[in-house]
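*Asks:* Pasting the sequence and the predicted model now:
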Amino acid sequence: MLQRGDAVPHFEVSAPDGTAFRYSSIWQRKNLLLVVLPAIDPDSTAYISEVRARVAALADQDLECIITRDPVPGVSGPAVVVADRWGEIAYSVAVPVVAELPAPGELLEWVAYLNHRCPECEGEAR
């Protein structure tokens, strides 16, 4: 599983509604919230709806929320990855079942962190 500080690999997936997504289309332009779900899981429908509803409030942010059931290299679902526009992972978690995924509000806190952090300050701390 990809960890904090790793780079998101370039990938192509489909959303549950069939919409295709290519990571290279947002790389270096938008932050990424990636939710990878199991191929078949009735519990995931409610989670998808809740994430989408919360992310809709962030329409003015430079954020791309991708929810997929397709495999992503380095990510074993159910899992969540939050990465900055350059692909550096700020947060990642993999769990055994969808019910244990972080609440959408917690995911949005990580997105807010990416929008307000100071990369220059972090570079000095390393």
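*Replies:* Everything's here; your move. What you are looking at is a predicted structure, and each value in this text was computed from that prediction instead of being measured. Numbering: from 1, shown residues only.

*Asks:* Do you have the helices of this structure handy? List them.
*Replies:* Secondary structure of the chain, counting by DSSP state H: helices at 44-56, 104-116, 119-125.

*Asks:* For residue 3, see how far away the nearest residue to residue 113 once chain neighbours are set aside is.
*Replies:* Distances taken as CB to CB, 6 or more residues apart in numbering place residue 90 nearest to residue 113, at 6.5 Å, with adjacent residues excluded. No exception for glycine: its C-beta is placed from N, CA and C like everyone else's. Using CB to CB, to the nearest Å, we find residue 90 at a distance of 11 Å from residue 3.

*Asks:* Residue 50 touches residue 104, doesn't it?
*Replies:* Yes: using CB atoms under 8 Å, residue 50 is in contact with residue 104, at 5.1 Å.

*Asks:* neighbour-wise, which of these two wins?
*Replies:* residue 104 (20 against 13; other CB atoms under 10 Å).

*Asks:* and residue 34, bridged to which residues?
*Replies:* residue 66, residue 81 (DSSP bridges).

*Asks:* Hmm, residue 74 and it touching each other?
*Replies:* No: between residue 34 and residue 74 there is no contact under CB under 8 Å: 10.7 Å.
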